[in-house]
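Chemist: Need coordinates for the following:
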Amino acid sequence: MRELILLILVLVSLPLVLKRPLWALTIYLGATVIRPEMLFWGGTSGSYVFMVYYLATLVGLYLRGELLNVGRVLQREFLLMLWMLGAILLSIELAQYPVFREYYYFIELLKGFLLCGCLYLLVKDFDDFRKIQVALLCCFAFLAVWGIDQHFRGNERLEGLGGSAWGDSNGVAATFILFLPAALALVFTAENRKQFWSGLGIAALMVALIICTKSRSGLIGLAVALAMFGYYSRNMFRIARIAVILMVVALPFATQQYLERMNTMTGEGGFEQSARDRMAMWQAGLLIFADNPLVGTGFLTFPEAKMRYQDHFQHLDEEFRASLFRVENKKVTHNTYIQLLADTGLLGALPFCLLVAGGIVLGLKARRLLAGAGELRRELLWISGLCAGIAGFAVCILSIDAAMSLELYVQLILASILYRITMERLRGALPKTTPLGATS
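Modeler: Reported below is the predicted structural model:
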């Protein structure tokens, strides 16, 4: 019955989304958060949703005559994505080790980047931007409720929540941290009490879920994201008050087990072993990069490539070394930056680092403009929120492999689009109500 209901909803929505491809793209992005298979207890039921709304976005753009408007798409961020994509393809072609389905992951990244390009064509004013952000925040709120329920039903660290794309519990925490400051931007720019309490409620649910993951890197990323939003928005005091409220609301989820796990960050217990393990993997990744600095050993080849460097770890005890270089279920990098350096060399790691750094710097630009923002304060606070999320995520991916994270690239593109819209209005090139790219 659920499959039939979903099919009917998709068919009914098609005429609407073809007229408004922004809706099709928003539904697609929402489906990457609340994945269709979640509604059918696993399997591939409902997976056609991605294909349908992806094609609907492209067809809708074609019908509007905008699909080939390449000039609007060729912005700095998208060019960096194309550079990164080209470097990944080159590394695959020159790969020194065979990797299962490497072209599959390349194609998935290509599809995601093309969808990001469509954002340049569809998001023409602040209202378009806000619709996407609010829709995604609602999806994250629903997923947070779902995840908290799973937490109490036995999936204590929420492994697999959001599908395989987010990886383990650290990946789940990182993705929620990416969007948390956007929820706070909704609070800061609320026009009425309904919007204020809705944003605060979403933020509280997100913080509660982050705590449920028991992710140590998530706790650090959470602190960074909140601090950066306070700094970017020039309102540290208000952020501190909201942070206290969020922590009080989330306190019931901070169990004794959670507190004990966080206490291990002092250098005792499991953290010491985990840190030792990851630092060894990072060292192996840097050794691979040193030998293959330009194009790496091939995208996603680190688990295999590191095996030839076992001799560099003879100083470790035998049991620990055997666990690092086990043949079954080989260990990964647990660091996105080092993963890209090892797998794709400087050609692939540099554009990714420039993308992330660009998002962080964009927040600094918004902070500077906020000093005399006037009526543009709303837009600049949203930019600050997205950039603070990117900063928190940038810290989290020091301990996870997240080069395939579509959500990161979407937030980077949306932040850059809103910044350009804001600058156009600031320069007086566009009236307040004129969409970006429209003629007067």
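Chemist: lowest-confidence helix or strand of this protein?
Modeler: Lowest mean confidence among the helices and strands of the chain (mean pLDDT, DSSP states H and E): helix 256-263, at a mean of 78.
Chemist: Now that helix: buried residues?
Modeler: 258, 261-262 (16 or more other Cβ atoms under 10 Å). No exception for glycine: its C-beta is placed from N, CA and C like everyone else's.
Chemist: And for stretch 64-77?
Modeler: 66-67, 73, 75, 77.
Chemist: and if you look at stretch 242-258?
Modeler: So for stretch 242-258, counting by 16+ other Cβ under 10 Å, buried means 242-243, 246, 249-250, 253, 258.
Chemist: what's the answer for stretch 289-308, then?
Modeler: For stretch 289-308, burial by neighbour count (16+ other Cβ under 10 Å) applies to 289, 292, 295-302, 304-306, 308.
Chemist: what's the average pLDDT for that stretch?
Modeler: For stretch 289-308, the mean per-residue pLDDT is 95.
Chemist: which element follows the helix or strand Ala203 falls within toward the C-terminus?
Modeler: Element membership for Ala203, per DSSP states H and E: helix 193-212. Later in the chain than helix 193-212, the nearest helix or strand by DSSP H and E is helix 216-232.
Chemist: and that next one, what other elements does it pack with?
Modeler: helix 169-188, helix 193-212, helix 236-250, helix 256-263, helix 336-370, helix 377-396 (3 or more Cβ pairs under 8 Å, 6 or more residues apart in numbering; DSSP states H and E).
Chemist: ok, back up a step: quick one: least confident of the buried residues of stretch 64-77?
Modeler: For these, the pLDDT minimum is Leu67, 81.
Chemist: quick one on the thing from earlier: can you give me the angle the least confident helix or strand of the chain makes with helix 193-212?
Modeler: 80 degrees (axes from the mean of the first three to the mean of the last three Cα atoms, to 10 degrees).
Chemist: on contacts alone, who are the packing partners of helix 256-263?
Modeler: Contact partners of helix 256-263 among helices and strands, from 3+ Cβ pairs under 8 Å, 6+ apart: helix 216-232.
Chemist: Let me have the buried residues of stretch 289-308 in CSV, adding distance to Glu191 as columns.
Modeler: Output for the buried residues of stretch 289-308, formatted as CSV (distance: Cβ to Cβ, whole Å):
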residue, distance to Glu191
Phe289, 49
Asn292, 53
Val295, 51
Gly296, 49
Thr297, 53
Gly298, 51
Phe299, 45
Leu300, 46
Thr301, 51
Phe302, 48
Glu304, 54
Ala305, 53
Lys306, 53
Arg308, 60
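Chemist: Among the residues you listed, which ones are in helices?
Modeler: 289, 302, 304-305 (DSSP state H).
Chemist: Can I get these in CSV including distance to Leu110?
Modeler: Formatted as CSV, those follow (distance: Cβ to Cβ, whole Å):
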residue, distance to Leu110
Phe289, 24
Phe302, 21
Glu304, 23
Ala305, 23
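Chemist: which two in these are spaced the farthest apart?
Modeler: Pairwise distances across those peak at 15.2 Å for Phe289 and Glu304 (criterion: Cβ to Cβ).
Chemist: one step back: just name the closest of the buried residues of stretch 289-308 to Ala31, please.
Modeler: Nearest to Ala31 among the buried residues of stretch 289-308 is Leu300, at 24.5 Å by Cβ to Cβ.
Chemist: residues touching the residue lying closest to that closest one once chain neighbours are set aside, list them.
Modeler: Closest residue in space to Leu300, ignoring its immediate chain neighbours: Val99 at 4.9 Å, by Cβ to Cβ, 6 or more residues apart in numbering. Contact analysis of Val99 by Cβ atoms under 8 Å, 6 or more residues apart in numbering lists 298-301, 304.
Chemist: any chance of those residues in TSV, with distance to His334 too?
Modeler: Converted to TSV, those look like this (distance: Cβ to Cβ, whole Å):
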residue	distance to His334
Gly298	19
Phe299	17
Leu300	14
Thr301	16
Glu304	16
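Chemist: rewinding a little: pull the distance from the helix holding Ala203 to the chain's centre.
Modeler: Relative to its parent chain, helix 193-212 has a centroid offset of 18 Å by Cα atoms, centre = their mean, to the nearest Å.
Chemist: what comes up buried for that helix?
Modeler: Of all the residues in helix 193-212, those buried under the rule 16+ other Cβ under 10 Å are 198-200, 202-212.
Chemist: Who are the contact partners of Leu205?
Modeler: Counting by Cβ under 8 Å, 6+ apart, Leu205 has contacts 140-141, 144-145, 148.
Chemist: ok, 6 Å please
Modeler: 141, 144 (Cβ atoms under 6 Å, 6 or more residues apart in numbering).
Chemist: Same check on Pro181?
Modeler: So Pro181 contacts 225, 229, 385, 388-389 (Cβ under 6 Å, 6+ apart).
Chemist: Look up the pLDDT of Ala429 for me, please.
Modeler: Ala429 carries a pLDDT value of 47.
Chemist: returning to that earlier point: greatest separation within the contacts of Pro181: which pair is it?
Modeler: The largest separation in the contacts of Pro181, counting by Cβ to Cβ, is between Ala225 and Gly385 at 9.3 Å.
Chemist: Regarding Asn69, what are the backbone dihedral angles?
Modeler: With angles defined as degrees, to the nearest 10, Asn69 sits at phi -80, psi 70.
Chemist: Could you measure from Leu29 over to Phe113?
Modeler: 14 Å (Cβ to Cβ, to the nearest Å).
Chemist: and if you look at Leu9?
Modeler: Counting by Cβ to Cβ, the gap from Leu9 to Phe113 is 28 Å.
Chemist: higher neighbour count, these two?
Modeler: Neighbour count, other Cβ atoms under 10 Å: between Leu9 and Phe113, Phe113 has more, with 17 against 10.
Chemist: Just to check, that one is in contact with Met81?
Modeler: Yes: Phe113 lies in contact with Met81 (Cβ atoms under 6 Å); the separation is 4.7 Å.
Chemist: which SSE is Val57 in?
Modeler: No Val there; residue 57 is Thr. helix 48-63.
Chemist: Could you point out the helix or strand that follows that helix?
Modeler: Taking DSSP H and E, what comes next after helix 48-63 is helix 70-73.
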